[in-house]
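I'll drop the sequence and a predicted model, then ask my questions.
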Amino acid sequence: MDKRIIFVRHGKTQWNVTGRLQGAHGDSPLIDTPEVQADLKALAAYLKLANLSAVYSSPLNRAYATAKLLSKNICTQLQVVTDPGLLEVSFGSFEGLKKETLLNDYPTEFALLSSRIDDPRLQQLGIESFSDAQTRFCKTINKLAKAMDDNQTILVVSHGAISQLGIQGLTNNRYLSGLSNLSLSQIVEKNGHFIIEKYNETAFLTHPVIQQKNTSIK
C-alpha cells in the first residue's frame with residue numbers, strides 16, 4: 001500500500017520579488033496580486049483531487065499563510081499543523097541581503113552556498129549546515145509518513161532550499177533543481193522507500209511564466 005506526500009513551496013513574497021536571501025530568520029509577507037490569488041486557487045483546485053488527510057506547514061508565516069489559503073480554497077476542514085522540522089535553512093548573517101551584494105562582497109561563500117556545500121566559512125557566518133538541515137527535514141517527513149495510514153495523502157507546505165534538500169535526501173537523488181513558488185512536488189512511499197512522482201510542477205498554475213525558482217540562492 002502507498003503513502004503519498006505532496007510538497008508545495010510557499011507563495012511569492014516581497015523578498016522573493018526583490019531578490020533577498022530569505023531563510024529561517026527572515027520572513028517577508030506574501031505578495032497579494034490578482035495573479036497570485038488566481039494561482040493559489042488553481043493550485044487548490046489541483047490539490048482538491050488528492051483527497052488530503054492532513055495539512056502540515058513550516059511555522060514561518062509565509063508558509064503557514066500559504067497553507068491556510070490553500071486549505072480555505074480547497075474547502076477542507078483540516079487544520080494546518082505546524083512543525084519546526086519544516087523550517088527553511090537558516091542563512092545566518094546573509095539573511096535579507098540581495099544576490100548582487102553576495103556576489104560582490106562574498107563571492108567564495110556565495111558559490112559554496114549556491115552549491116549547497118558545507119564549509120566552516122559558512123558556519124562562521126551562522127549559516128546552518130546543509131547536511132544538518134537535510135537530516136532535520138527528513139526525520140520530520142519520516143515521522144509524518146509513519147503516522148499515515150495506507151493510501152493516504154498529506155500536504156506539506158515549506159520552503160525552497162529545505163524542500164529541495166529534503167526530497168534529495170528522502171529519494172537519494174542529488175541532482176534536483178531549485179523549486180518555484182507554489183510549485184508542487186510529490187513522493188510516494190513504497191516498501192519503505194520514497195520515490196519521486198512529480199517535481200517542481202507549475203503547469204497547472206494560471207500564470208506559470210511568472211513563477212520564480214529558488215533564486216534566493218541560485
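Thanks, I have it.

helix or strand for residue 39, just tell me which one.
Following DSSP states H and E, one finds residue 39 within helix 34-48.

neighbouring strands for the next helix or strand after that helix, and are they parallel or not?
Towards the C-terminus, the helix or strand next in line after helix 34-48, according to DSSP H and E, is strand 54-57. On the basis of DSSP bridges, the sheet neighbours of strand 54-57 come out as strand 80-82 (parallel), strand 153-158 (parallel).

report the buried residues of strand 54-57.
Within strand 54-57, the residues that qualify as buried by neighbour count (16 or more other Cβ atoms under 10 Å) are 54-57. No exception for glycine: its C-beta is placed from N, CA and C like everyone else's.

how about it as CSV, C-alpha atoms only?
C-alpha atoms of strand 54-57 as CSV (Å, rounded to 0.1, in the frame of the first residue of the first chain):
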residue,chain,number,x,y,z
ALA,A,54,-3.7,16.2,6.7
VAL,A,55,-2.0,19.5,6.1
TYR,A,56,1.4,20.4,7.6
SER,A,57,3.4,23.6,7.4
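
pull the distance from it to the chain's centre.
Its chain's C-alpha centre lies 13 Å from the corresponding centre of strand 54-57 when counted by Cα atoms, centre = their mean, to the nearest Å.

tell me what the next helix or strand after it is packed against?
For strand 54-57, the succeeding helix or strand toward the C-terminus, using DSSP H and E, is helix 61-74. In this structure, helix 61-74 makes packing contacts with strand 3-9, helix 34-48, strand 54-57, strand 80-82, strand 153-158, judged by 3 or more Cβ pairs under 8 Å, 6 or more residues apart in numbering; DSSP states H and E.
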